[in-house]
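Novice: Return atomic coordinates for the entry below.
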Amino acid sequence: MDKETSLEDIVKNDYQEQTILDLNIPNKKIGMASDHRGYKLKQKITNYLNKRGYTVIDYGCDDTNSHDYPEFGFKLGEAIQKKEVERGIAICGSGIGISIACNKVKGVRCAKVNNTKETKYTRNDNDANVIALNGNMPLYRAKDIVDTFLKTPFSNEDRHQKRNEMLNNYNG
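Specialist: Next up is the predicted model:
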């Protein structure tokens, strides 16, 4: 290795010329959950993250047979709550149902996202720790969203901290 080669150069991935070092939570555990309609995309994203050096913990489901998304959304949410994983990615047919299930778990802030702009806002403003995707999303878009989710930090601005505390403290 020549002396100009840095660790950053060594860990460069083959997608978007980013490195693992550029991401906000390098080498951390990511939780994944899906129902049957999100299973195939979950497997593809899992492969993508594994190739990038992440440890992916799969909270189900394990096949394309019909499954109830709340079961797997709850499992992922509980893993976030217990700090078994740093962040989570949930996938169902629309992304909506599993996001509702995840949000039933105290301490989870799951946002159903369709693009990188929404993903950036939900990390920056809401400090979302889980995103939900629809199972029919093209893989290239899912990869962009996942990368944005993992590399975007929470802003820590007072106004956003205040709003997140309001959400955390609501007991209705």
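
Novice: From Met166, how far off is Arg159?
Specialist: Per CB to CB, to the nearest Å, Arg159 is found 11 Å from Met166. From N, CA and C alone the C-beta is placed, and that goes for glycine too.

Novice: How about Met32?
Specialist: To Met166, Met32 is 29 Å away according to CB to CB.

Novice: Which one's more surrounded, those two?
Specialist: Met32 (24 against 9; other CB atoms under 10 Å).

Novice: Please identify which helix or strand holds that one.
Specialist: strand 29-34 (DSSP states H and E).

Novice: ok, residues contacting that strand?
Specialist: 41-42, 45-46, 49, 54-61, 69, 72-73, 75-76, 79-80, 84-92, 98, 102, 130, 135, 150 (CB atoms under 8 Å, 6 or more residues apart in numbering).

Novice: That one pairs with which strands, parallel or anti?
Specialist: As defined by DSSP bridges, the strand partners of strand 29-34 come to strand 55-58 (parallel), strand 87-92 (parallel).

Novice: buried ones in stretch 102-115?
Specialist: 102-103, 105, 108-113 (16 or more other CB atoms under 10 Å).
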